[in-house]
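K.L.:
below is the sequence, then the predicted model.
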Amino acid sequence: MKVESICIVGGGSAGWMSAALLAKQFPDIEIALVESDKKPTIGVGESTLGHFNRYLLHMELEDEDWMPHCNATYKTSIAFRNFKHGKGERFQYPFGGLAYQEPYRTDIQRFYELQILHPELYPDDEFARFWNPSTLLTEQQKIAKTGIDGMMWDHNNDSAYHFDAELFGIYLKEHHCQRVQHVVGHVDHVVKTEDGYIKAIVTAEGSYIEADMYIDCTGFKSLLLEGFMGSEWESFKDVLFNDRAVATQIPYKNRETEMDTYTDCDAQSAGWVWNIPLWNRVGTGYVYSSDYINECEAEQEFREYLSERYSPEIAQNAEMRHIKIKHGKHKEAWVKNVVGIGLSYGFLEPLESTGLMTTHENILFFANALGRRNGLLTDVDRKSFNFTVDKVLENMKLFVAQHYYLTQRQDNKYWRDVTNIELGHGEWRLGTEYSTLQSKQEYYNLLDRATNKFYDGDTFGGLLYISAGQGYRPISQWDFKVRCKNVPMHYGQVTSTHEWYQKEKQRLLDIIEDMPTHYEYLKDRIYGEETVD
């Protein structure tokens, strides 16, 4: 099939992100977008991962172009509080590469040897600071535009964003979709060919739109992909328990001190609370499992949390929004001439900021397929696309599940149950799309093995930070003593690393002290003095 026209059904961030990218990359393809004026957007996805930068690069968007329109701020890490023991501990999952520097950071095991030698100086949360010194930037609420000696930090690649996804869709619509035909209407039915392809969509208002390809951006409803094409839904409920959320917006008391550079995730009795600092407010919500608490109990627990973190007055006056989470995926994201983008294809609970992942990743994969042979699409493109997007979402599902699976919390039934989930059936790949793991058995083997080569850091991916933060140690004190006994110089190497790291950490903290805060950086470079209220 030679694609000369595309119809996108559904607006919001998914629809307009798809329209903007396709309009930019394929100027000769006719593009229409149909959206109802009656359907509110979901409003999820205010926190992103570094993958989002690929979309911005393809759109050739600079931060100064779009961030002021979306109340955007930077994000350099994800913090997890109360996930290990439920006693106030917090660890970071920072972005950026591991700082692998001979002769001191020689292998992943070295940190655990330091932890055995000096437990008071190397608690579990020190792992991120040791292997990724940009963690120090994050914890001090600082932003570096240029690199820092001794820190594997690249602002363009190692920063993600917090932003209002609905406003981002509006920005793209107004600034990058001028040639997109915009149709306001509600899709009533479709006209199909004899072999089951959609020939045209028909709106209740009387519009009749024909296209070669159709993109479903109708959210959880999945009007085209599931409704008209019958792609089967596969739930993730057996692995991801949380299926509800209650959310609100909190005003700043002091933006300069409250505007973190990380998404703060705080574990609760049956789930966790997110705190996302935008330029104009903090977005916060409680993601929980309805199998363990009901809606009223969740809202009450959330208000108690807000009262403690912010103030009793804010907690009392907060306007709550209750959301049902449908996490899972459709068996096929691309059926005949229909492609699901965003929530219409699949969704994970938002612990790893995956709300927009099935939007920017799926549309980039589709655009890549469309551009390979100048708009010619055949069955190989469809099957390749379906394999790729399925693999990405399955990988992330397992990665999110591991945050719970590795917890040491045993204080109630919810936290005991999440440590007994079944991580998979048959073959799957762990963590990232670059992983070489082929089965769940290999996951346990890797988790239990002390890694002695740096390249294993790529195999582990973010699991390094999650397992370390949860206190899952791949070596024991006995292992360390045996190694030092067999290799006498090994103890001296660990001692040298300790002395070097303590000096290096202080050197970096001294540099960071003179850098602008997150708020100051945004005010000066993105928003300008006149926007500060």
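P.N.:
Received, thanks.

K.L.:
now Asp107: how far from Glu295?
P.N.:
The spacing between Asp107 and Glu295, counted by CB to CB, to the nearest Å, is 48 Å. All C-beta spots, glycine's among them, are computed from the backbone N, C-alpha and C.

K.L.:
okay, those two: which has more neighbours?
P.N.:
Asp107 (16 against 13; other CB atoms under 10 Å).

K.L.:
for the stretch 101-250 of the chain, which spans come out with low pLDDT?
P.N.:
101-103 (pLDDT under 70).

K.L.:
same check on the chain?
P.N.:
Ranges of the chain meeting pLDDT under 70: 38-45, 100-103, 423-461, 474-480, 486-488, 529-533.

K.L.:
in it, which helix is the longest?
P.N.:
helix 379-405 (DSSP state H).

K.L.:
remind me what that helix packs against, helices and strands.
P.N.:
strand 328-330, strand 334-335, helix 357-372, helix 463-469 (3 or more CB pairs under 8 Å, 6 or more residues apart in numbering; DSSP states H and E).

K.L.:
if we go to 6 Å?
P.N.:
Judged by 3 or more CB pairs under 6 Å, 6 or more residues apart in numbering; DSSP states H and E, helix 379-405 is in contact with strand 334-335, helix 357-372.

K.L.:
what comes up buried for that helix?
P.N.:
381-382, 385-386, 388-390, 392-405 (16 or more other CB atoms under 10 Å).

K.L.:
and the angle for that helix with helix 357-372?
P.N.:
Counting by axes from the mean of the first three to the mean of the last three CA atoms, to 10 degrees, helix 379-405 points 160 degrees away from the direction of helix 357-372.

K.L.:
contacting residues around the following helix or strand past helix 379-405?
P.N.:
Proceeding N to C from helix 379-405, the next assigned helix or strand is helix 413-417, under DSSP states H and E. Identification of contacts with helix 413-417 by CB atoms under 6 Å, 6 or more residues apart in numbering yields Ala270, Tyr292, Arg409, Gln410.

K.L.:
and if we set it to 8 Å?
P.N.:
Here helix 413-417 makes contact (CB atoms under 8 Å, 6 or more residues apart in numbering) with Gly86, Phe241, Ser269, Ala270, Gly271, Ser289, Tyr292, Thr407, Arg409, Gln410.

K.L.:
what residues sit buried inside that helix?
P.N.:
Quick answer for helix 413-417 (16+ other CB under 10 Å): Tyr414, Trp415.

K.L.:
got it, and stretch 288-301?
P.N.:
So, applying 16+ other CB under 10 Å, buried residues of stretch 288-301: Tyr288, Ser289, Ser290, Tyr292, Ile293, Ala298, Glu299, Glu301.

K.L.:
what's the first helix or strand after the host helix or strand of the last one?
P.N.:
Yep, that's Glu301 we're talking about. Glu301 is part of helix 295-309 when elements are defined by DSSP H and E. Heading C-terminal from helix 295-309, the first helix or strand you meet, by DSSP H and E, is helix 312-317.

K.L.:
just checking, what packs against that next one?
P.N.:
helix 295-309.

K.L.:
which neighbouring elements make contact with the helix it packs on?
P.N.:
Using 3+ CB pairs under 8 Å, 6+ apart, helix 295-309 sits against strand 244-250, strand 262-268, strand 271-277, strand 282-288, helix 312-317.

K.L.:
partners of the following helix or strand past the shortest one in the sheet?
P.N.:
If I follow you right, that is helix 312-317. Once the chain leaves helix 312-317, the next helix or strand it forms, by DSSP H and E, is strand 321-324. Pairing partners of strand 321-324, with direction, according to DSSP bridges: strand 244-250 (antiparallel).
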